[in-house]
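Participant: no sequence on hand, only this structure:
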């Protein structure tokens, strides 16, 4: 699982998050980070973020950009 360290996540980054309603099913929602909601430097279940479309969830993966 990626997205447990706050230093790796920043506004504008494309990520996959798990919404609260999807925790049991594990469905991943993709979007771009608007802001970080977790103030701790590390969170075992993933840093909580708000996407640009307003959805809130914990980061489960960081979408890698091809250079």
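Facilitator: Nice, thanks for sending it over. On a predicted model such as this, the values are computed, not experimentally measured, just so you know.
Participant: please make it C-alpha for all contacts and neighbour counts, starting now.
Facilitator: Will do.
Participant: so which residue is dead centre in this structure?
Facilitator: Computing the C-alpha centroid of the chain and ranking residues by Cα atoms, centre = their mean puts residue 59 first, at 2.4 Å.
Participant: secondary structure element holding the residue nearest to that residue when sequence neighbours are not counted?
Facilitator: Excluding its sequence neighbours, the residue lying closest to residue 59 (Cα to Cα, 6 or more residues apart in numbering) is residue 17, at 4.3 Å. Using DSSP states H and E, the secondary-structure element containing residue 17 is strand 14-19.
Participant: same question for residue 33.
Facilitator: Following DSSP H and E, one finds residue 33 within strand 29-36.
Participant: okay, now the sheet partners of that strand, with direction.
Facilitator: strand 14-19 (antiparallel), strand 48-51 (antiparallel) (DSSP bridges).
Participant: let me have these in TSV, extended by mean pLDDT and mean neighbour count.
Facilitator: Compiled in TSV, the strands paired with strand 29-36 are given as follows (pLDDT from 0 to 100; neighbours: other Cα atoms under 10 Å):
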stretch	mean pLDDT	mean neighbour count
strand 14-19	97	23
strand 48-51	98	23
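Participant: in TSV, list the ones you listed along with distance to residue 29.
Facilitator: Compiled in TSV, the strands paired with strand 29-36 are given as follows (distance: least, Cα to Cα, whole Å):
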stretch	distance to residue 29
strand 14-19	5
strand 48-51	10
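Participant: out of those, which gets nearest to residue 40?
Facilitator: Residue 40 lies closest to strand 48-51 among the strands paired with strand 29-36, at 10.0 Å (Cα to Cα).
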